[in-house]
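[1] I would like to see how this sequence folds:
(chains A and B)
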Amino acid sequence: MASDAAGTPSAGDSEAIDVRGLVKRFGRATVLNGVDLHVRRGEVHAFLGPNGAGKTTTLRLLLGLLRSSGGSMRVLGLDPWADQSQLHRRLAYVPGDVALWPNLTGGEVIDLLGRLRGSLNEKRRAEMIERFALDPTKHARTYSKGNRQKVALISALASDVELFLLDEPTSGLDPLMEATFRECVKELRSAGKTVLLSSHILSEAEALCDRVSIIRAGVVVETGTLEELRHLTRSTVTAVVERVPSDLASIEGVHGLTLAGQRVTAHVDPAGLNAFVAALSAAGLRSLVCQPPTLEELFLRHYQQQARGNAKREHPTPGQAK
Amino acid sequence: MSREFAGTGALVRLALRRDRWLLPLWLGLFALMASSSASATKSLYPTQASRTAAANVINATAALVALYGRIYDPTSLGAIALIKLTAFGASLIAVLMVFVVIRHTRAEEETGRLELVAAGVVGRAAPLAAALIVAHGASAALGLFTAIALRAVGLPLDGSLAFGLSWALTGISFASIAAVTAQLTTGSRAARGLALSSVGLAYALRAVGDLAERGPGWASWLSPIGWSQQIRPFAGDRWWIAGLPVALAAVLTPVAFVLRSHRDLGSGLMADRPGPSRGTLGDALGLAWRLQRGMLAAWLVGCIAMAIVLGAVAHNVVGLLTSPQIRRFMAALGGARGLIDGFLSAEVGIFGTIVASYGVAACARLRSEEVAGHVELLSSTATTRARVAASHFGVTLSGIAVLLVCTGAAIGVGHGLATGDLRQVGRLVGAAVAQIPAAWVIASGVLVLFGWTPRAVPSAWGILVVFIVLGEFGVLWRLPKWLMDASPFAHSPRLPGGALHVRSIVGLLAVSAGLAAAGFVGWRRRDVIG
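    I've put the predicted structure just below:
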């Protein structure tokens, strides 16, 4: 079955994960409210969001552990709920909170999960245990959170699958192991595998990922390459000029203007950049630094919007247009 | 010293908050059970003569003596009314207190919640102290409520207090034992199992003691349940015996605290040794067997030991019969063989319910695996949902069958060795096999809860207790037949000696299969939730 699907990619098959309008309710609480997520084959895709935004719920739905309340989902061209075991042969999952059987050793768990998945590459198993410096003879009850995570990671990375679903996989790892993990993800990408990496660590996503989706309060609010996302966002411009022009604040798209002597700092929309730099240039430009937004800023912008949104919901103001 | 106990008060409040429904419910249930037995007996035996006759029959029937103990004053209404609750009721309270103590000590440690608590201003000894305060307090309250309830239905004050005391002290004894076992193992399941097998052992020891000629024999004095009987409420009220359980608690409590202070949080007394670096487990069934085999082995050892002892005393039945009146009664029942069979069939029936409780524990493992997050990990592999459930359910059904076959054989061997007649082994294995379907129904019921209302899986224990109580007290309380028939145990054949109704066996098997199928359907349709 797996070779069929891989050998004859149909029109909708170029996407490893194709989620449209996904809704999940638990009783009266709506956790996902129309999530759209598109992960192309062979890319490393970051799934970013603050705690409680719905990242783990989405991943559990993609695994068929939860049943969706609405919308459509295809993973590797299959329905996660109906074709569970067929799909799971082709993917590996690392949960955010890895719980192992306390009386099995790490080595036993790696082998068990590999066999249950249907593929365990012996060479890679040995290599990964070496690289992640795991002692496989220890019982799981004695492992720290980081070591439990290593067990799940090693078992996933040692299996021959097409898709990796990783839920905050580095949250318990030390910086050294985090670096090892990054290397492994890069190797997966060059091997043509697809990775969906849920995280709230932005530097990780910046270092590893081709594309990014940001989820907030159960809705994907932005998706695209980092370039594309930055394009939509204000750059920070810092300049030193001979004389400060008086009309800078009135230029369309200029925000948070601060003046300190001859130094000018402002956040500028892409649309206002031309007029702003022209005004500075006319004022005798001595130095100019234009910083693209970091992912951190993108993230914070959405997060603050959410906080403001919550405040609005608590104190509704009449006549709100947006 | 006081620093070791810092935060105990806050932990007591936390425990009471967590148990705010569980404890009052059980306390009320026990008090109600005692008082309704007392008032039912009063109307059942209105005259002094009828009470004495009934008491003499009970004292002369070894099966009843082994199960419930002796009535030390045949003229006492209270002693007759509460005979079924003296040893049997006390052992139920012992089980309850074991659950309470382990729940607030080792189980909290195992899940890591205690780590969160221990990081606050909480002394090392505080969690254990809080658990003991809650369990001992609950035992005392249970005794007091029961005494008040008994006095309220018209029993003498002294006896009511003595009976309440006997229950309270049993609870305190086994809470103390559980406090020690909680320090010995790293898993809460093993700690609970160890404490519960001490309850089983205490119950069996007192049965041996009660059956001894001119009882109680020495074995009764080794058993905290035996002590509670020997207080003899309503038949002498021997208050001084209360010193024995108090002394036991006074010895075990410091032992538990010393053990606690000599180990790390989360660890047992035994250090961890390296295990294999490669695994041989290949599928969900192998994993379920690996996770469950220890518990099954423990139950097997416990059941076989208890069965050999009870089998060995069965032939004493005849020796207990003295008065010509009783001998005529016996002849009507089918002679000595009939009486021994009656005793054996009662034992086999008891083991049917004991093994059913193994079934609840084993099948409920599915839910605890889900809560622990292990099912999430398993289900993310190519293993189907059905396989995950079938693995533990399969181990449960086979475990029930193995336990009952071995128990039947052990009763037979015990009985055969005592009488030199090993041909009985086959009959008793057959009798025990006939108890398998009812226990399977209980296990399948747990699967239904797991499939449809996973958070309600622990209520299976309550349902099991209700079925056992229906069987024990249904007739005494004159409950309607349909209600008593709701218990699967009511449909198990009474073997050896009784009739074997193939129809009811087939019926039980069909119900079990139907429940299991419903459970699988529910599990396939629902979310995996922690």
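[2] Just give me the neighbour total for the nearest residue to B:Arg51 once chain neighbours are set aside.
    Nearest residue to B:Arg51 in three dimensions, chain neighbours excluded: B:Tyr45, at 4.4 Å (CB to CB, 6 or more residues apart in numbering or on different chains). All C-beta atoms are positioned from the backbone trio N, CA, C, and that covers glycine. B:Tyr45 has 18 neighbours, counted by other CB atoms under 10 Å in any protein chain shown.
[3] same check, this time on the one 10 residues further on
    Applying other CB under 10 Å, we find 23 other residues in the vicinity of B:Ala55.
[4] Local confidence estimate at the residue nearest to B:Arg51?
    B:Tyr45 is assigned a pLDDT of 83 by the prediction.
[5] backbone phi and psi for it, please?
    Dihedral pair for B:Tyr45: phi -120, psi 80, per degrees, to the nearest 10.
[6] ditto for A:Leu63
    phi -90, psi -10.
[7] Please list all residues in contact with it.
    A:80, A:84, A:88, A:91, A:93, A:165, B:379-380 (CB atoms under 8 Å, 6 or more residues apart in numbering or on different chains).
[8] ok, now B:Ile354?
    By CB under 8 Å, 6+ apart, the neighbours of B:Ile354 are B:200, B:303.
[9] need the residues of the stretch 401-530 of chain B near chain A, please.
    B:525-528 (CB under 8 Å from any CB of the partner chain).
[10] Could I get these in TSV, plus columns for pLDDT and neighbour count?
    Output for those, formatted as TSV (pLDDT from 0 to 100; neighbours: other CB atoms under 10 Å in any protein chain shown):
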residue	pLDDT	neighbour count
B:Arg525	93	12
B:Arg526	94	16
B:Asp527	94	13
B:Val528	93	21
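[11] Closest one of those residues to A:Ser246?
    Nearest to A:Ser246, judged by CB to CB, of those is B:Asp527 at 61.8 Å.
[12] Get me the contact residues on the stretch 51-200 of chain B for chain A.
    B:110, B:186-187.
[13] Might you specify the subset of the residues you listed located within helices?
    Counting by DSSP state H, the part of those found in helices is B:Glu110.
[14] surely B:Asn56 meets B:Asp73?
    No - assessed by CB atoms under 8 Å, B:Asn56 is found out of contact with B:Asp73, at 11.7 Å.
[15] what about the chain, any weak spots by pLDDT?
    No chain specified, so I'll use chain A. A:1-13, A:231-232, A:295, A:302-322 (pLDDT under 70).
[16] um, chain B though
    B:1, B:63, B:214-215, B:266-272, B:316-336.
[17] buried ones in the lengthiest helix in it?
    The helix that spans the most residues within chain B, counting by DSSP H, is helix B:335-371. Within helix B:335-371, the residues that qualify as buried are B:339-371, counting by 16 or more other CB atoms under 10 Å in any protein chain shown.
[18] Export the residues of the stretch 401-530 of chain B next to chain A as a markdown table, with columns for secondary structure.
    As requested, those are exported to a markdown table (DSSP: H, G, I helix; E, B strand; the rest coil):
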| residue | secondary structure |
| --- | --- |
| B:Arg525 | helix |
| B:Arg526 | coil |
| B:Asp527 | coil |
| B:Val528 | coil |
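[19] ok, those vs A:Gly21, which is closest?
    For those, the nearest to A:Gly21 is B:Asp527 (19.1 Å; CB to CB).
[20] residue contacts, the closest residue to that closest one other than its chain neighbours?
    Excluding its sequence neighbours, the residue lying closest to B:Asp527 (CB to CB, 6+ apart) is A:Leu66, at 4.4 Å. Neighbouring residues of A:Leu66 by CB under 8 Å, 6+ apart: A:24, A:57, A:60, B:527-528.
[21] Could you list the residues in contact with the strand or helix carrying A:Ala278?
    Assigned by DSSP states H and E, A:Ala278 belongs to helix A:273-282. Contact partners of helix A:273-282, identified using CB under 8 Å, 6+ apart, comprise A:235, A:237, A:239, A:241, A:245, A:247-248, A:251-254, A:264, A:266, A:268, A:288, A:290.
[22] got it, and stretch B:382-395?
    Residues contacting stretch B:382-395 (CB under 8 Å, 6+ apart): A:84-86, A:88-89, A:116-118, B:283-285, B:287-289, B:292, B:296, B:362-363, B:365-366, B:369, B:375, B:378-379, B:443, B:447, B:450-451, B:516, B:519-520, B:523-524.
[23] now do stretch A:221-233
    With CB under 8 Å, 6+ apart as the criterion, stretch A:221-233 contacts A:36-38, A:206, A:209-215, A:270, A:292-293, A:295, A:297-298, A:301-302.
[24] Of the contacts of stretch B:382-395, keep whichever come out buried.
    Counted by 16+ other CB under 10 Å, the contacts of stretch B:382-395 give A:84-86, A:88-89, A:116-118, B:284-285, B:287-289, B:292, B:296, B:362-363, B:365-366, B:369, B:375, B:378-379, B:443, B:447, B:450-451, B:516, B:519-520, B:523 as buried.
[25] Inside strands: which ones of those?
    Among the buried ones among the contacts of stretch B:382-395, none falls in strands (DSSP state E).
[26] how deep is the closest residue in space to B:Tyr72 that isn't next to it in sequence tucked in, by neighbour count?
    Spatial nearest neighbour of B:Tyr72, chain neighbours left out: B:Ala235 (3.9 Å); criterion: CB to CB, 6+ apart. Neighbourhood size, B:Ala235 [other CB under 10 Å]: 20.
[27] To which secondary structure element type does B:Ala235 belong?
    coil.
[28] residue contacts, it?
    B:71-73, B:76, B:78-79, B:159.
[29] who wins for neighbours among these?
    Result: B:Ile71 is most packed of those (other CB under 10 Å), 26 neighbours.
[30] Quickly note the distance from it to B:Thr61.
    11 Å (CB to CB, to the nearest Å).
[31] Please apply the same query to A:Glu127.
    From A:Glu127 to B:Thr61 the distance is 72 Å (CB to CB).
[32] more neighbours, the two?
    Each of A:Glu127 and B:Thr61 has its neighbours counted (other CB under 10 Å); B:Thr61 has more, 23 against 15.
[33] number of nearby residues for residue 222?
    By default, I'm working from chain A. 18.
[34] Hmm, no, I was thinking of chain B.
    Count around B:Leu222 with other CB under 10 Å applied: 15.
[35] Check the one 4 residues further on too.
    Look at B:Gly226: counted by other CB under 10 Å, it has 27 neighbours.
[36] The one 5 residues further on now?
    One way to gauge burial is a neighbour count; for B:Ile231, by other CB under 10 Å, it gives 24.
[37] just to revisit the earlier point, list the buried residues of the helix holding A:Ala278.
    For helix A:273-282, by 16+ other CB under 10 Å, it's A:273, A:276-277, A:279-280.
[38] The residue of chain A most remote from its centre: what's it in contact with?
    Using CA atoms, centre = their mean, the residue of chain A lying farthest from its centre is A:Arg243. It sits 44.3 Å away. A:Arg243 sits next to A:262, A:283-284 when contact means CB under 8 Å, 6+ apart.
[39] State the distance from it to chain B.
    Per CB to the nearest CB, to the nearest Å, A:Arg243 is found 59 Å from chain B.
[40] Ok, A:Leu61 next?
    Counting by CB to the nearest CB, the gap from A:Leu61 to chain B is 9 Å.
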